[in-house]
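Undergrad: mind looking at a prediction? Sequence and model below.
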Amino acid sequence: MEITLNHYLAVSGLLFTLGLMGVILRRDLLVIYMSLEMMLNAANLTLVAFSRFNQHLDGQIMVFFTITVAAAEVAVGLALIVALYRVRQTTKVGDLTTLKF
Amino acid sequence: MPWIAPEILLTALACVLLLVEAFAKPCPRLIGFVTLAGIFAAIGITIATPIASEFYVAPWGGLYCLDRPAQFFKVFFLVTAALVTWISLAADEESLPNRGEFFVFPLLTAAGLCLLASTMDFMVLFVALELVTISFYILVAYQRTNAIALEAGVKYLILGALSSAFLVMGIAYTFGITGSTQFVEIGRAIGHGPLPLGLKFGLLLIIFGLGFKVAAVPFHLWAPDVYQGAPTSITAFLSVGSKAAGFILLMRVLYTAFGSAAAFATWIPMLSVLAALSMLLGNLAAIPQRNLKRLLAYSSIGHSGFMLIGIIAQIRTPGLAISVFIYLITYLLANLAAFLVIAVASKTIRGEQIHQYAGLWQRSPVLAASLAIALVSLAGIPPTIGFIGKLSIFGAAWQSGLYPLFWIGVVSAVAGLYYYLGVVKAMFWSEPLDNTPIPACLCTKALLLVLSGLTLLLGFWPQGLQHLVRIVQS
């Protein structure tokens, strides 16, 4: 069987949906953050697949930027979660209820 | 490269100041004043840069443009950044650790915002947007030992990263179908034909991502918590700078890249729903709020809805996007004055609950009057500039036949009067909890006078505002 663009799009769509479900359903900040990274990587896979099959290199260049930016985001994000853990001794979403209506 | 000079200046200054901060440990206020000087220099450069006569000049193969709207937004962002730095200096929040760095991050944010004003390519858009967003993650959670600030920071982080993921996926599909990341090329590739399904999907995801930036319902969930938990000056920056960035991006992406009739049929209904929901929910949910910053958060969600009407109206009757520009100016003046008062007052009041502002008039007439003028302007009551803003948006809606949005807007604006005037009533006609006067330095008073003065003056003399905006449009 030949692997076509649609196969790649299906896989990346699946990854994206899995990530989104993780963000919505999981209750731990670290796991949620991991799911978010999975969503970003699903988008990267889409970009690379389109780039490969359409013979445009722009998509692959975009992936480099996305990876770099995601790394910066993780650096700041993990630092934030660590700081939160130091103050509250928890990373569970259910405990973050100081700010509400 | 005179076009990109403001961005380069701001970024270089931020890097230098970070190094100086790390090794020389100067007085934090000094860094604040250098930051302010840098921003003023950037404003000067932006205004002095000549604009080419054609619609846009696109150096570097169309990645970047400098047209009148870009220049308007750059000055807008830089003025916001300058005022935010001023608020930080006036609030003088001693509780902040490493206060020197706190003045540096707004520089990076301002650089990112300036870049966003000029972007003509999805790659530049994404990188600049993330520069802004990541700087904001740091700024929102700057009080590292304060549980509330950290909670706000983490909420902003999770929802911000979620919106970035949607945006990248949207960009991926748009790139995949059209074969380009440049707005002009995408517009050319779409042509006049119908929109393929993949492109509709991409457009939907991009609007998700940008809707988060402007805090439009249903992507507003982060706004109340983050506005309440962040340092007051940063709340002001988020509510004015970050929101305006969302609007210039919406204009660029929707008008340039998705500017065909088939694309309009896809995004106009989506944006109309966002506008209607934002106006209604923003103004109704603000009514029961007891925290002033949270109240202003819901009010800012409502204002997003009003401005979205202007974006849609431009399609039916070209030229009406001018109402968004007018509205943004009114919003900047009123919102920054309000947050400046909150920042200065919370040094004495130690809280942002509305009942703590009771009798503010007896404790500090200047602060109370400025806050009252700002709130009246946000409510859109004449003779303030806010009335002109509302008038131009509603006028645009009526002129382009958006009657359902017009009526929803009028109803929500009337509902908005209730909570804005509730705060004014508490400040002027309630007994204060205690009678200690609230001190404010002379500079703060002068700045408040300028902001309130402009709010009133331009309300009486709207031709000045229209003239300014007409220059932008030409």
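TA: Received it, and whenever you're ready, just let me know what you need. Numbers count the residues shown, from 1 in each chain, chains lettered A, B, ... in the order given.

Undergrad: what about the helices in the stretch 101-250 of chain B?
TA: Remark: helices assigned in the stretch 101-250 of chain B by DSSP state H, counting those that start in this stretch are B:122-140, B:147-178, B:183-190, B:197-214, B:222-229, B:232-237, B:243-251.

Undergrad: just the pLDDT for residue 36.
TA: This is for chain A. On the pLDDT scale, A:Leu36 is placed at 95.

Undergrad: was after chain B, sorry
TA: B:Leu36 carries a pLDDT score of 93 in this model.

Undergrad: correct me if wrong: it contacts B:Thr85.
TA: Yes: the pair B:Leu36 / B:Thr85 is scored as a contact, 5.1 Å apart, by Cβ atoms under 8 Å. C-beta: built from backbone N, CA, C; applies to glycine.

Undergrad: rewinding a little: quick one: the helices of the stretch 101-250 of chain B as TSV, columns for mean pLDDT, distance to chain A and mean neighbour count too.
TA: Listed next are the helices of the stretch 101-250 of chain B as TSV, based on pLDDT from 0 to 100; distance: least, Cβ to the nearest Cβ, whole Å; neighbours: other Cβ atoms under 10 Å in any protein chain shown:
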stretch	mean pLDDT	distance to chain A	mean neighbour count
helix B:122-140	95	4	23
helix B:147-178	94	3	25
helix B:183-190	90	10	19
helix B:197-214	93	9	22
helix B:222-229	93	4	27
helix B:232-237	93	13	29
helix B:243-251	94	16	23
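
Undergrad: can you list the weak-confidence ranges in the stretch 1-150 of chain B?
TA: For the stretch 1-150 of chain B, the stretches with pLDDT under 70 are B:1, B:52-60, B:92-98.

Undergrad: residues of it that sit close to chain A?
TA: B:122-123, B:126-127, B:130, B:134, B:137-138, B:141, B:144-148, B:150 (Cβ under 8 Å from any Cβ of the partner chain).

Undergrad: can you list contacts of the one helix or strand B:Gly32 maps to?
TA: For B:Gly32, the host element (DSSP states H and E) is helix B:28-48. When contacts are defined by Cβ atoms under 8 Å, 6 or more residues apart in numbering or on different chains, helix B:28-48 is touched by residues B:2, B:5-6, B:9-10, B:13, B:17, B:20-21, B:71, B:74-75, B:78-79, B:81-82, B:85-86, B:88-89, B:92, B:99-100, B:102-104, B:106-107, B:110, B:114.

Undergrad: so which bits of that helix are buried?
TA: Going by neighbour count (16 or more other Cβ atoms under 10 Å in any protein chain shown), the buried part of helix B:28-48 is B:28, B:31-32, B:34-36, B:38-39, B:41-43, B:45-46.

Undergrad: count the neighbours of the residue in chain A positioned nearest to chain B for me.
TA: At 3.3 Å from chain B, A:Phe50 is the closest residue in chain A, using Cβ to the nearest Cβ. Per other Cβ atoms under 10 Å in any protein chain shown, the neighbour tally for A:Phe50 reads 26.

Undergrad: what residues does it make contact with?
TA: A:Leu5, A:His56, A:Gly59, B:Ala172, B:Tyr173, B:Phe175, B:Gly176.

Undergrad: and the closest residue to the second one other than its chain neighbours, how far is that from A:Asn54?
TA: Think A:His56. In space, and not counting its chain neighbours, A:His56 is closest to B:Gly179: 5.2 Å by Cβ to Cβ, 6 or more residues apart in numbering or on different chains. B:Gly179 is 6 Å from A:Asn54, where distance means Cβ to Cβ, to the nearest Å.

Undergrad: now the helices for chain A?
TA: Counting by DSSP state H, chain A has helices at residues A:5-25, A:29-54, A:58-88.

Undergrad: so B:Ile158 sits right up against A:Tyr33, yeah?
TA: Yes: contact criterion Cβ under 8 Å: B:Ile158 and A:Tyr33 qualify, at 7.2 Å.

Undergrad: ok, the most centrally placed residue in chain A - contacts?
TA: Taking Cα atoms, centre = their mean, the centroid of chain A lies closest to A:Glu37, which sits 2.3 Å from it. Residues in contact with A:Glu37 (Cβ under 8 Å, 6+ apart) are A:Gly19, A:Ala70, A:Val74.

Undergrad: ok, now with 7 Å
TA: For A:Glu37, the contact set (Cβ atoms under 7 Å, 6 or more residues apart in numbering or on different chains) comprises A:Ala70, A:Val74.

Undergrad: buried stuff in the helix or strand where B:Lys425 lies?
TA: Secondary structure assigned from DSSP H and E places B:Lys425 in helix B:403-429. Judged by neighbour count (16+ other Cβ under 10 Å), helix B:403-429 contains these buried residues: B:405-406, B:408-409, B:412-413, B:415-416, B:419-420, B:422-424, B:426-427.

Undergrad: quick one: it near chain A?
TA: No: Helix B:403-429 lies apart from chain A when judged by Cβ under 7 Å from any Cβ of the partner chain; the minimum separation is 14.5 Å.

Undergrad: elements contacting that helix?
TA: Under the contact definition 3 or more Cβ pairs under 7 Å, 6 or more residues apart in numbering or on different chains; DSSP states H and E, helix B:403-429 sits against helix B:261-286, helix B:292-316, helix B:360-363, helix B:365-379, helix B:385-399.

Undergrad: in the longest one, what's buried?
TA: In this case it means helix B:261-286. By neighbour count on 16+ other Cβ under 10 Å, the buried set for helix B:261-286 is B:262-264, B:266-268, B:271-272, B:274-286.

Undergrad: show me what that helix is packed up against.
TA: The contact analysis (3+ Cβ pairs under 7 Å, 6+ apart) places helix B:261-286 against helix B:197-214, helix B:292-316, helix B:403-429.

Undergrad: how about the residues of chain A near chain B?
TA: Counting by Cβ under 7 Å from any Cβ, chain A sits next to chain B at A:16, A:23, A:29, A:32, A:36, A:39-40, A:42-43, A:46-47, A:50, A:54, A:56, A:58-59, A:62, A:65-66, A:69, A:72-73, A:76-77, A:80-81, A:83-84, A:87-88, A:96, A:98-99.

Undergrad: please pick the buried ones from the residues you listed.
TA: Buried members of those, scored by 16+ other Cβ under 10 Å, are A:16, A:23, A:29, A:32, A:36, A:39-40, A:42-43, A:46-47, A:50, A:54, A:56, A:58-59, A:62, A:66, A:69, A:73, A:76-77, A:80-81, A:83-84, A:88, A:96, A:99.

Undergrad: run through who's touching stretch B:250-266.
TA: Applying Cβ under 7 Å, 6+ apart, the external contacts of stretch B:250-266 come out as B:119-120, B:183-184, B:186-187, B:190-195, B:200, B:203, B:206, B:210, B:267, B:311, B:315, B:321.

Undergrad: turn the helices of chain A into TSV, columns for distance to B:Gly389.
TA: TSV is the format used below for the helices of chain A (distance: least, Cβ to Cβ, whole Å):
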stretch	distance to B:Gly389
helix A:5-25	37
helix A:29-54	37
helix A:58-88	35
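
Undergrad: for chain A, give me the ranges with low pLDDT.
TA: Applying pLDDT under 70 to chain A flags residues A:101.

Undergrad: if we use 80, what do you get?
TA: Residues of chain A that meet the criterion pLDDT under 80 lie in A:97-101.

Undergrad: most widely separated two among the residues of the stretch 1-150 of chain B next to chain A?
TA: Farthest apart among the residues of the stretch 1-150 of chain B next to chain A by Cβ to Cβ are B:Phe122 and B:Thr145. That separation is 38.9 Å.
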